[in-house]
Every structure is written in structure tokens, then in C-alpha cells.
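Peer 1: Kindly return the folded structure for what I paste below:
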Amino acid sequence: MASPTSQQSLLKCCICLDHFTDPVSTPCGHNFCKVCINNYWDTTNTIQCPLCKQNFNKRPQLSVNVLLRDLIEQKQTNICTEEKNQTADVLCDACSGEEKEVTAVKSCLHCEKSFCCEHVKPHQDDEELKSHELLDPVSRLQDRLCKQHKAPLELVCHLDLTCVCVLCVKSTHQNHQCVPLKNRFRKKKAKVDRELSELEQEIKDRKKMLRAVDESTELRKENVKTDIADILKIFAQFKEIVKTSESGLAAALMLLHRKGDNRSEALKEKLQEEICELEERKDELDHLSHIKDELRLLQSLHSLSDPPSTKDWSEISAYNDSAVGTVRSGVSRLVLDLHNKVQDEMKKMVTKEIKRIQKYAVNVTLDSDTANNLLIVSNDGKQVRNGGLPQKLPDNPERFDTLLGLLGKEGYSSGAFYFEVQVEGKTAWDIGVALETVNRKGLADVCLSNGYAVLMLRDGDNLKACDQPPVQINVPRTLKKVGVFVDHEEGEVCFYDVGMNAHIYSFTGCRFPKKKLHPYLNTCTHHEGNDSSMVITHIS
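Peer 2: Presented below is the predicted three-dimensional model:
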């Protein structure tokens, strides 16, 4: 059988979390207040059921849930009847029997009667009746009297947690701690009011969270749509580059082929011409070679034409493949074009990515109670530097005594958060996040298994991620501002070069226990060139 609580929840709208007003049903069978569901659809880009997420092509026709409406109306009627019974006018007992019933203004527990303005006067004038306690008019006065002694219930017994009269205190509740009913009422009323206020705040907070979840869902949908559109656009551009390169390379090869054909034809034509001339000369010489008469041979040689002018073909190659290297160089140009395009698109993507994660920016305040005694933290908790000299500070458990680090005051155990640190002018630093449980005493190995997700810079250009194993990172520029984004649910800690809109490194697949992660900074040693402050920057 359903509990009263579960039955009550069936009569409440999941959007406003209150009892239904004008309940209507969607085609998928879920119920909402008419105003709530219409307002919900007015603020979203997609028309879908808030509960089962079924999408509709257009805003569907809503049907009135008659049964649910009747149940709500019946419940409201019962509540009104109950309230009316509790607050119904109490009639004057002294006026009973008279034609006109008069509303009572006071009730007397001693007399067990209620009186109107006229009949209450004796209790205000008569000395004996003045001692009677008058209340605002109430019905069923007998419920306010002790069933044993018929005296007013004016006290509360702490031991038995029951209301008693003055005579009970002298008998069955003798030696029990009893206090006036009014005192007990004030305390209990204050407790009820306080609990009511807390519940109202909890409900308000949950409604706010519910709206935030809905907004986050819609934002995620929009982001996915945008990302898909960007991907399609980028890959279309890549395909266009490849297609253009393909057609250009094919055209170049065909042009080279035609040039080769033309050269070959020219060579063949020249060779054929010389062959003809040489064959004519050969025929003449062949004829002369058969003359045996000396005089005739000499006379014939005298009239013989000069040898034809021919080319020295020994240094000219018949091999003619002018396309050698053309494909390779064309593909190389394609790779270079794609690389440049990828770099451009990556920069655009990271720029969008940083703008998106900056929405998760938190207000980080550095915790001086965790800072190594060599570190000087600004009064506003936004800057830290290594002063070079130890300070006299309490050696509390939270303080790092060997690592030159400190934590942010705020920790986060769920969701996502983002912060930025300015490191311009420093040649060594550590930036990242650390679990609240990291060991603060002694020299610790700063790595993922010990609760740290950190980037380390040394000697100005030696950057590595303290992953498992550590990863050396090549950054072609000096880092001036580093952004850190943490996503608990995805198990990611991402680092960005904010100034150049570039991604530096991401720790992925991190398994954070249900403990808080705090921003972690380490100034490293104090020396010339590394004495600048690390600054938590404001993100608008």
C-alpha cells in the first residue's frame, strides 16, 4: 500500500514541486501544472517532456486530467473544511437559547464556557472571577482540562512528555520536572518555526538546483549541437583541401605528361629527320662502294654532297619521366596545408573551450594556514611569493613544512571548477590541484598517486606533468597565465595557456575519492629571476 508521503507526491508537479494547479497531461502520459509546462517550453529550444525527455515535433495538445483535478479539488475542500472547523466561530454559551447567536470573545477554562462581550464582563469586574484564566475563544474546552482532576492543563512534564494540571504535580507527577505550558510552547514554537524556515530554504535550494540542472541540460544540448556543427564544418574544409590538392596534383601530372609527350614527339621527329638524311648518304656511299673504275670513283666522290649535319645523341637521354617527385612534393604540400589548417582550427577550438570552461570559474582565496613559512601571502589571499626568510608561524597540521606550497581555502568534491594563475616573470613553479588529505609534512613525491594533479616548471623551459609516468611537455613559448579546469565526473584535470589560447596537458581517467580537491600552488625556491608573485587572477 502506498504511504501517505508517496500519495502526496503523486499530487505534486515535478516542475514547481507544489500541488497541481490546472493539471494537464502530455501525450506521453505525464502530468504537470498547465502554467508550469507552458513556461518550461517557453524557456527551452526543444519541446520535450521534462520527465521522460520524449521529444515532440511541435507543442502538443494538452489534455485536462479530470481525475487528478477532482482529487486536488477534493483535497483542497477537505483542508478548507478542517481549517474552518478549527477556526469556526465559537458561540457564547451564556447566550444559548436566545434567538440571536452571539460569537464568543473569550473562553474560561475554570468555567468551561465561552462568553461574548456582554457575558465576559463579570470575569473582568468580579474579584473572584478575575483569577480565572481567559483564553481566545476555543471549542471543546474539555480537551484542555485534566481528565483526572478537571483542572486546566497548564504544565508540561518533562519526564512523561505529557500535559498536566497543578494537581497532577502534587500526585502522579510529584518530583517530576514540570514547566509552564507557555514556556514549553514558546520553545517548541520556536523550534517548529526554525525547522519550517530551514525546510523552506532547503526546498528553495533544491528548486534552484532543479532549475540549474535544467539549464545545464539545455546548455549541454546547445554545446553538442554547436560542436557537431563545428566538426562538420572543419572536416568539410579538410575534405575541400584534400579535394583541391587531389585535383591540382592530378592536373599537374597530366600537364607534365603532355609536356613529356611533346618532348618525345619532338625528339622522334628530329631523329626521324636525321635517319632519313643518313640513309640517303648511306645509299650514295653504298653506290660508290660498288664502282671499280678508279677514274669514275674519283670523279663521283668529287661530286658527292657534304655529309648531313647531325646532333650528338650520346649525351641526350631517351628516358623522360618528369613526374619524379611530383607526387611526393604534392602530398607534402597537402600535409603542410592540412597541418596549418589543423593548427588554426585547434586554436579556434581551444579559444571556445576556454570561454566555455570559464563559466565554471570559482573565487579562489589562498589559505595562509597551509602555506610554508617561507611563503608570504597577500592580505586578500590572491598573491603568494617566496620571501626567502622563514617566518615565525604556528606549525599547525595543515601547514606544508617542506614543500614550498599552499592550498586554496575552498575545496570541491563534485561538479566542475576553473581558476587562473598569473606566473609572468617566474622561471619555476608548480600549479594544479591536490586532495585535502595530502601529506603536508616532510618531502613528498608530488604525483597523481599521492593526490596531486600538477604541472611543474623548472629552469624557465623545463615543463612536465606529474602524471604516471611523468610526461615532458614541449611549450614553444614562455607561459604567462595558466588556466586549470577540473571535472570530477569525467575525472579530468586540464591545463591551458590562457594568453595564447592553447591546451597544455590533461590528466585523464583520474579517480578522485569523495574528498575535496583544492587549488595547489608552489612558488619554488627564492632566487634571482624567480622572485615574482604567483597571482590568482579575476575572471569576469
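Peer 1: Just give me the longest helix of this structure.
Peer 2: Taking DSSP state H as the criterion, the chain has its longest helix at helix 181-289.
Peer 1: So what's the gap between that one and the chain middle?
Peer 2: In terms of CA atoms, centre = their mean, to the nearest Å, the gap separating the centre of helix 181-289 from the centre of its chain is 26 Å.
Peer 1: Over to stretch 17-25?
Peer 2: 31 Å.
Peer 1: Just the buried positions in that stretch, please.
Peer 2: 19-20, 23-25 (16 or more other CB atoms under 10 Å). (C-beta placed from N, C-alpha, C; glycine too.)
Peer 1: What of stretch 113-133?
Peer 2: Going by neighbour count (16+ other CB under 10 Å), the buried part of stretch 113-133 is 113-116, 119-120, 123, 129.
Peer 1: Please list the members of the residues you listed that lie in helices.
Peer 2: Short answer: the buried residues of stretch 113-133 in helices (DSSP H) are 123, 129.
Peer 1: Switch the buried residues of stretch 113-133 over to TSV; also include distance to Ser139 and pLDDT.
Peer 2: Formatted as TSV, the buried residues of stretch 113-133 follow (distance: CB to CB, whole Å; pLDDT from 0 to 100):
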residue	distance to Ser139	pLDDT
Lys113	12	86
Ser114	8	89
Phe115	14	90
Cys116	15	89
His119	17	89
Val120	17	89
His123	19	89
Leu129	22	87
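Peer 1: Out of the buried residues of stretch 113-133, which comes closest to Leu521?
Peer 2: Comparing these against Leu521 with CB to CB places Ser114 closest, at 73.8 Å.
Peer 1: what's across from the closest one in the sheet?
Peer 2: Beta bridges link Ser114 to Ser107, judged by DSSP bridges.
Peer 1: re earlier: now do the longest helix of the chain: which elements does it pack against?
Peer 2: strand 155-157, helix 294-303, helix 326-357 (3 or more CB pairs under 8 Å, 6 or more residues apart in numbering; DSSP states H and E).
Peer 1: can you do 10 Å?
Peer 2: Helix 181-289 is packed against strand 155-157, strand 162-164, strand 178-180, helix 294-303, helix 326-357, with contacts defined by 3 or more CB pairs under 10 Å, 6 or more residues apart in numbering; DSSP states H and E.
Peer 1: Sketch out the low-pLDDT regions of the stretch 301-450 of the chain for me.
Peer 2: The model of the stretch 301-450 of the chain has pLDDT under 70 over residues 318-324.
Peer 1: Show the residue spans covered by the strands in it.
Peer 2: 375-377, 383-386, 405-407, 416-422, 429-435 (DSSP state E, counting those that start in this stretch).
Peer 1: Tell me which of those sits most buried.
Peer 2: Highest mean neighbour count among those (mean count of other CB atoms under 10 Å): strand 405-407, with a mean of 26.
Peer 1: Could you give the separation of that strand from the chain centroid?
Peer 2: That offset, for strand 405-407, works out to 25 Å (CA atoms, centre = their mean).
Peer 1: and that strand, which strands flank it?
Peer 2: strand 517-522 (antiparallel).
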